[in-house]
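K.L.:
what's the 3D shape of this:
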Amino acid sequence: MPCSISKELIEKTIAFHGHSCPGLAIGIRAAELALKEIGRAPDEEIVAVVETDMCGVDAIQFLTGCTFGKGNLIHKDYGKNAFTFYRRSDGKAIRLVRRPSSFGSARPSQTSEDVGSLLDKLNKKLPEERLTDEEQKIWQETRGAIIQQIMESPLEDLFEIKTPSDPVPKKARILQSLQCEACGEMTMESRTRRMDGKTLCLPCFEKREQKI
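P.N.:
Now for the predicted structure:
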């Protein structure tokens, strides 16, 4: 079934992110499923663990209320379109993993090539050279076709729903800040290191480590 989030709220999500794209659409639908199954985050009640830093994470922040600043949006750099949501009050949790087939039968009108392969090919070309006018048109049509497919697909066609194996993350702690004895900048205690009897922030520690 099509996305149940209102058009107005989707437009606000796009404005928050800065543009519309397939990655953001995946995040919108993941947030939609999380809101149905887990709820929205009043303060730190809901926790989201995201395994990617792709565009969709902005949709999850905006729509679910889980944010980096509150400590209830946790990033694990695994490069996976996987999103886990926990509700602290009763421990309910779900892990959403994007299905490889989530782009479905989306096809831009000007080509019969597999839409995922076509978009990958054009995306790889973008940083190195300009797309031709024809390629630019196909790139925009391809992205549009994928976005429409994602926004209109049943949620179970987009995501595999799993039971998380990890427990609910602990609440964020407020820690003391220490002054780095090399650069003088204040640094969270848990992010400092000791070397040669001095307290160092991570960048200064790594610089000195490289000289050894």
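
K.L.:
Count the neighbours of the residue lying closest to L202 once chain neighbours are set aside for me.
P.N.:
In this structure, L202 finds its nearest non-sequential neighbour in R191, 5.7 Å apart by CB to CB, 6 or more residues apart in numbering. Using the backbone N, CA and C atoms, a C-beta is placed for each residue, glycine as well. By other CB atoms under 10 Å, the residues close to R191 number 13.

K.L.:
which helices and strands does the helix or strand hosting L200 pack with?
P.N.:
With secondary structure defined by DSSP states H and E, L200 is part of strand 198-201. Packing partners of strand 198-201 (3 or more CB pairs under 8 Å, 6 or more residues apart in numbering; DSSP states H and E): strand 192-195.

K.L.:
Show me the contact partners of the strand it packs on.
P.N.:
For strand 192-195, the surrounding residues in contact (CB atoms under 8 Å, 6 or more residues apart in numbering) are 178, 180, 199-202, 205, 208-209.

K.L.:
Just the buried residues from these, in PyMOL please.
P.N.:
Filtering those down to the buried ones (16 or more other CB atoms under 10 Å) takes a single PyMOL command:
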select buried, resi 178+180+199+200+201+205
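
K.L.:
Include pLDDT and distance to E135 when you put the contacts of strand 192-195 into JSON lines, please.
P.N.:
Formatted as JSON lines, those follow (pLDDT from 0 to 100; distance: CB to CB, whole Å):
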{"residue": "L178", "pLDDT": "96", "distance to E135": "53"}
{"residue": "C180", "pLDDT": "97", "distance to E135": "49"}
{"residue": "T199", "pLDDT": "97", "distance to E135": "53"}
{"residue": "L200", "pLDDT": "96", "distance to E135": "49"}
{"residue": "C201", "pLDDT": "97", "distance to E135": "45"}
{"residue": "L202", "pLDDT": "96", "distance to E135": "42"}
{"residue": "F205", "pLDDT": "96", "distance to E135": "46"}
{"residue": "R208", "pLDDT": "90", "distance to E135": "48"}
{"residue": "E209", "pLDDT": "86", "distance to E135": "45"}
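
K.L.:
Return the member of the contacts of strand 192-195 nearest to K92.
P.N.:
The closest of these to K92 turns out to be L202 (CB to CB; 35.4 Å).

K.L.:
Excluding chain neighbours, what is closest to the residue most central in space within the chain?
P.N.:
In the chain, the C-alpha closest to the average C-alpha coordinate belongs to V57, at a distance of 2.7 Å (CA atoms, centre = their mean). Nearest residue to V57, sequence neighbours excluded (CB to CB, 6+ apart): V50, at 5.1 Å.

K.L.:
and that neighbour, what are its bridge partners?
P.N.:
Applying DSSP bridges to V50 gives these bridge partners: H75, F83.

K.L.:
Return the distance of the residue nearest to M54 when sequence neighbours are not counted relative to R88.
P.N.:
Distance criterion CB to CB, 6+ apart; nearest residue to M54, sequence neighbours excluded, is G23 at 4.6 Å. Noted for G23: a distance of 28 Å to R88, by CB to CB, to the nearest Å.

K.L.:
One more: A59?
P.N.:
22 Å.

K.L.:
Show me which of these two is the more surrounded one.
P.N.:
Counted by other CB under 10 Å, A59 and R88 do not tie: A59 has more neighbours, with 25 against 17.
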